[in-house]
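K.L.:
quick one: sequence and predicted model below, then my questions.
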There are 2 protein chains.
Amino acid sequence: MRHQNHFGSWWHSKLRGCGYRITEGREAILNFLAGSDKHLSAEDIYMAIRPNCPNVGLTTIYRTLDILVNMALVYRFDFGDGRARYELTEGPKGAHHHHHLVCTECHKIVDYTDFINEEVKLLHETEKGLSKKYGFKITNHLIQFYGMCASCSPKK
Amino acid sequence: MRHQNHFGSWWHSKLRGCGYRITEGREAILNFLAGSDKHLSAEDIYMAIRPNCPNVGLTTIYRTLDILVNMALVYRFDFGDGRARYELTEGPKGAHHHHHLVCTECHKIVDYTDFINEEVKLLHETEKGLSKKYGFKITNHLIQFYGMCASCSPKK
DNA sequence: TCCTTAATGGAAATGATTTTCATTTATAAT
DNA sequence: ATTATAAATGAAAATCATTTCCATTAAGGA
Ligand SMILES: [Mn+2]
Ligand SMILES: [Mn+2]
Ligand SMILES: [Zn+2]
Ligand SMILES: [Zn+2]
């Protein structure tokens, strides 16, 4: 069983660097996000963390997620089911950029990385053109495909 | 001053075709959407319509927009300002497909059509590949670029 | 350890959207 | 045109994710 680094997990320095304190709640939230490949709602996180941290409130989840989104450590998505969903932007190994496939019926989400290279290349060109033409400083993009997943499609 | 077609506007047949009745509220909502190039919230529409239709309630706006979104006559967007925004998918002339540039600071939205051809071409290829691989029947896509508009960017 | 101030949680507030339900009205049949 | 029927409606209440308030706690530099 390997030790935790004496100085804490990889995000400690990021939080500290932005002047934020390391707290039990923040640690639990980041740890849980890092160990999940799902698209989690604030309440998902709240419920998951509760057994170990019964003293961390839902308000703290929301506040922490706001901070993490602003620091670009976490993405916030709207998949159309009425609640925000969160996902770590990268792991210790670095970013693993992907886009989404959303079932409009059951709200299943698929992360995909196929075609990502071509997509990202085109996106970069597009960004450059749009930046120049409209004077925007583009920092981010969102690509989602909507449709019906196999199990929601009418059975033949 | 030109006449309205005796059979009504172009969307009458679409509504009727789906078994919906033509009502004052629906007519007003569609007319207003058709005459606007903005990205309107339910309340925007409510306020805009009120002078002519003081008897159309906000509830009807929401209900009508739901129908129109389901009929794919209207797109519903989330630009991150806490309310849904709506836009007609096409005019009498047909679709004018476009994507969005969103200022994360002031929530200004820019419709752009530059690069649309290349984007759409790539998207179609991507859709085909994803459909096959993940068994999704893709009907729609969403592309948004986020950043800071010229007036929100720190003045040099 | 002590001190300053960020961080917290629980309750209350907020605000967009939805639901309820009694009433109205579009429209097809007469 | 009249009538019958189910769809559509508005107003008020309910919902529910997220935010705000505020008194209390605790992180971390000195
Ligand atoms: Mn994802
Ligand atoms: Mn638009
Ligand atoms: Zn599905
Ligand atoms: Zn702006």
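P.N.:
Received, thanks. Ligands and ions are numbered 1, 2, ... in the order given.

K.L.:
Three-state assignment for the residue positioned nearest the centre of chain A, please.
P.N.:
Centroid check for chain A by CA atoms, centre = their mean gives residue A:87 as the closest residue, at 1.9 Å. Assigned with DSSP: H, G, I helix; E, B strand; the rest coil, residue A:87 falls in the strand class.

K.L.:
quick one: contacts for it?
P.N.:
A:33, A:38, A:39, A:40, A:74, A:75, A:77 (CB atoms under 8 Å, 6 or more residues apart in numbering or on different chains). No exception for glycine: its C-beta is placed from N, CA and C like everyone else's.

K.L.:
which members of those residues occur in helices, if any?
P.N.:
residue A:33 (DSSP state H).

K.L.:
redo the contacts of residue A:87 as JSON lines? Include pLDDT and distance to residue A:60.
P.N.:
Formatted as JSON lines, these follow (pLDDT from 0 to 100; distance: CB to CB, whole Å):
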{"residue": "A:33", "pLDDT": "97", "distance to residue A:60": "14"}
{"residue": "A:38", "pLDDT": "94", "distance to residue A:60": "20"}
{"residue": "A:39", "pLDDT": "96", "distance to residue A:60": "20"}
{"residue": "A:40", "pLDDT": "97", "distance to residue A:60": "15"}
{"residue": "A:74", "pLDDT": "96", "distance to residue A:60": "15"}
{"residue": "A:75", "pLDDT": "96", "distance to residue A:60": "20"}
{"residue": "A:77", "pLDDT": "96", "distance to residue A:60": "21"}
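
K.L.:
out of the contacts of residue A:87, list just those in strands.
P.N.:
The strands, defined by DSSP state E, take in A:74, A:75, A:77 from the contacts of residue A:87.

K.L.:
before we move on, back to that, tell me the pLDDT at the residue nearest to the centre of chain A?
P.N.:
At residue A:87, the model reports a pLDDT of 96.

K.L.:
so what's it bridging to?
P.N.:
residue A:75 (DSSP bridges).

K.L.:
for the closest residue to ligand 2 within chain A, what are its contacts?
P.N.:
Residue nearest to ligand 2 within chain A (CB to the ion): residue A:134, separated by 13.5 Å. Each residue near residue A:134 by CB under 8 Å, 6+ apart is listed here: B:101, B:110, B:112, B:149, B:150.

K.L.:
ditto for residue A:59
P.N.:
Contacts of residue A:59 (CB under 8 Å, 6+ apart): none.

K.L.:
quick one: the helix or strand harbouring it to strand A:74-78, angle?
P.N.:
Using DSSP states H and E, the element containing residue A:59 is helix A:58-70. Here helix A:58-70 points in a direction 110 degrees away from that of strand A:74-78 (axes from the mean of the first three to the mean of the last three CA atoms, to 10 degrees).

K.L.:
closest one to chain B out of the contacts of residue A:87, please.
P.N.:
Using CB to the nearest CB, residue A:77 is the member of the contacts of residue A:87 that lies nearest chain B, at 9.6 Å.

K.L.:
enumerate the residues of chain A near DNA strand D.
P.N.:
Residues of chain A lying near DNA strand D by CB under 7 Å from any atom of the strand: A:16, A:21-24, A:41-43, A:58-59, A:62-63, A:66, A:82-84.

K.L.:
just give me the neighbour total for the closest residue to residue A:83 other than its chain neighbours.
P.N.:
Distances taken as CB to CB, 6 or more residues apart in numbering or on different chains place residue A:41 nearest to residue A:83, at 4.6 Å, with adjacent residues excluded. The number of residues packed near residue A:41 is 18, by other CB atoms under 10 Å in any protein chain shown.
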